[in-house]
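K.L.:
sequence first, then the predicted structure:
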Amino acid sequence: MKNALMRGADLIGHPVVDLRNGEDVAEVRDVIFDPTDGRLSGFTLNKRGRWAGRLDAVLAITGVSSVGSGAVMVDGFDPSAEPAEGPNDVEDAETADREVVDDLVVTESGRTLGTVIDVVIVGGVSPRVVAFEIDGGEVGGGFIPLTNNRGVSGSALVVPDEYEGRLRNDLTGLADQIDELGEKENS
Amino acid sequence: MINVANILGQRAISLGDAESTGKVTGIRFEGNRIAFVEITGGRLIPVAAVKTFEGDTLTYEQSTSPTPAEPARAQRDATPEEAQIEDADTEAPGEPSSDDASGDEAEKAEKAEKALWAGDPIGHRLLSSAGDALGKLAEMHVGPDGVVVDMADDDGHTYAGDRLITVGSYAAIVEADTSD
């Protein structure tokens, strides 16, 4: 089965479920990732249920068993553990300026395609950001795949000129394109 | 083989004195087997005390039936959740309590309740171990020994019983399969 593509916004509020006991131990507050390669570092968390609120603990990606359409699965994660127990790269990523939402998306020739409104994540046991959802440009809204050779800052995302033609307005088309790009990179 | 929906609501009778002790109100699983049957009043009957799950009345050996206060203790080996229950139990009486403290206590109680979840698995959320939502658990059949034989979700998709990992307060989890 292919891993599902999900918008980052859809993951917010996703339950974090412990495989050991079927309990929802937390929920996703935000996704922490490296926009240069799409690698997820982990998740910041909120409590579940009546006593909802922020949890100090961060869930490192190394502690995630899988990310699915219904839940982020963990194996024995204790959200009440001291936050210091989280790997440094998660905390570094959380404190660094990694926000890409609202970044301008510009081609190398200087054509503005729009602004980033969300990220697209492929789930499974190795979840990662594979695309950005953009809107507000002359070419209309859609999804643009993330590849390694691209400039990204706190304010703009520079993509190759040919990406203008790669804009997809549905996740199915995006999934096919990601497969195609993956095959090219591996060949 | 019996549908767990038919176990829930059954009259419970202790074999030692032939007394009706209530009705089956919930089931607690460990892996892919029933570990305890919960009867009226929250009492948990260990599966070893149950003669069989194939009748229309649940009969069990009284000598092995725990009192309402005992099942939690019986299950407290050393898990973190259980340690939290212990903490809540052993707090000094009369200790000043702030709003935060009472919130913590309530949170601990909620966690303890979740850790000791027993209930009706039918209608429970069904997740794969990959985190994919599979709908709701519509049917579950167990053998006379309480081992889950098979399950079905509300779309009619069936799962072999040995794929069941756990049934908890939030969801029943089955081993992910590439054919799902």
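P.N.:
Yep, that arrived.
K.L.:
hmm, who's touching the helix or strand A:V106 falls within?
P.N.:
Assigned by DSSP states H and E, A:V106 belongs to strand A:104-107. Under the criterion C-beta atoms under 8 Å, 6 or more residues apart in numbering or on different chains, residues A:112-116, A:132, A:134, A:137, A:144, A:155-161, A:163-164 lie in contact with strand A:104-107. In this view, the C-beta of every residue, glycine as well, is placed from N, C-alpha and C.
K.L.:
go again with 10 Å.
P.N.:
A:111-116, A:132, A:134-137, A:139, A:144, A:151-153, A:155-164, A:167 (C-beta atoms under 10 Å, 6 or more residues apart in numbering or on different chains).
K.L.:
can I get the buried part of those residues as one ChimeraX selection?
P.N.:
Paste this into ChimeraX to select the buried members of those, with burial taken from 16 or more other C-beta atoms under 10 Å in any protein chain shown:
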select /A:113,114,115,116,132,134,137,139,144,152,156,157,158,159,163,164,167
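K.L.:
starting at the chain centroid, how far to the strand holding A:V106?
P.N.:
Distance of strand A:104-107 from its chain centroid, counting by C-alpha atoms, centre = their mean, to the nearest Å, is 19 Å.
K.L.:
keeping just the C-alphas, turn that strand into PDB.
P.N.:
Output of strand A:104-107 as PDB, limited to C-alpha atoms (Å, rounded to 0.1, in the frame of the first residue of the first chain):
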ATOM      1  CA  LEU A 104       7.100  33.600  -1.600                       C
ATOM      2  CA  VAL A 105       7.700  30.900  -4.200                       C
ATOM      3  CA  VAL A 106       9.900  32.400  -7.000                       C
ATOM      4  CA  THR A 107      11.400  30.700 -10.100                       C
END
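K.L.:
quick one: mean pLDDT for that strand?
P.N.:
For strand A:104-107, the mean pLDDT works out to 86.
K.L.:
coming back round to it: okay, and which of the contacts of strand A:104-107 map to strands?
P.N.:
Counted as lying in strands by DSSP state E, out of those, are A:112-116, A:132, A:134-136, A:144, A:151-152, A:156-159.
K.L.:
need the helix or strand of the chain with the lowest average pLDDT.
P.N.:
Because you didn't say which chain, this covers chain A. Scoring the helices and strands of chain A by mean pLDDT, DSSP states H and E places helix A:88-95 at the bottom, with a mean of 53.
K.L.:
switch to chain B, please.
P.N.:
helix B:80-90 (a mean of 37).
K.L.:
contacting residues for the nearest residue to A:G13 once chain neighbours are set aside?
P.N.:
Spatial nearest neighbour of A:G13, chain neighbours left out: A:E27 (5.5 Å); criterion: C-beta to C-beta, 6 or more residues apart in numbering or on different chains. The neighbours of A:E27, taking C-beta under 10 Å, 6+ apart as the test, are A:11-17, A:43, A:45-49, A:52, A:55, A:71-72, A:79.
K.L.:
ok, which stretches of chain B are strands?
P.N.:
B:2-3, B:11-14, B:19-30, B:33-39, B:43-46, B:57-60, B:125-128, B:133-142, B:148-153, B:158-160, B:164-167, B:172-174.
K.L.:
list the neighbouring strands of the last one plus their orientation.
P.N.:
Read that as strand B:172-174. Under the criterion DSSP bridges, strand B:172-174 sits next to strand B:125-128 (parallel), strand B:164-167 (antiparallel) in its sheet.
K.L.:
tell me which of those strands sits nearest to A:N21.
P.N.:
Nearest to A:N21, of all the strands paired with strand B:172-174, is strand B:164-167, at 5.7 Å by C-beta to C-beta.
K.L.:
wait, A:P160 touches A:S109, no?
P.N.:
Yes: between A:P160 and A:S109 there is a contact at 9.4 Å, judged by C-beta atoms under 10 Å.
K.L.:
name the residues contacting each of those two.
P.N.:
Contacts common to A:P160 and A:S109, judged by C-beta under 10 Å, 6+ apart, are absent.
K.L.:
which residues touch the closest residue to B:G146 other than its chain neighbours?
P.N.:
In this structure, B:G146 finds its nearest non-sequential neighbour in B:I34, 3.6 Å apart by C-beta to C-beta, 6+ apart. Residues in contact with B:I34 (C-beta under 10 Å, 6+ apart) are B:4, B:7, B:27-28, B:45-47, B:50, B:53, B:118, B:121, B:140, B:142-143, B:145-148, B:167.
K.L.:
recalculate using a threshold of 7 Å.
P.N.:
Taking C-beta atoms under 7 Å, 6 or more residues apart in numbering or on different chains, we find B:I34 in contact with B:27, B:47, B:142, B:146.
K.L.:
of these, closest to chain A?
P.N.:
B:I27 (13.0 Å; C-beta to the nearest C-beta).
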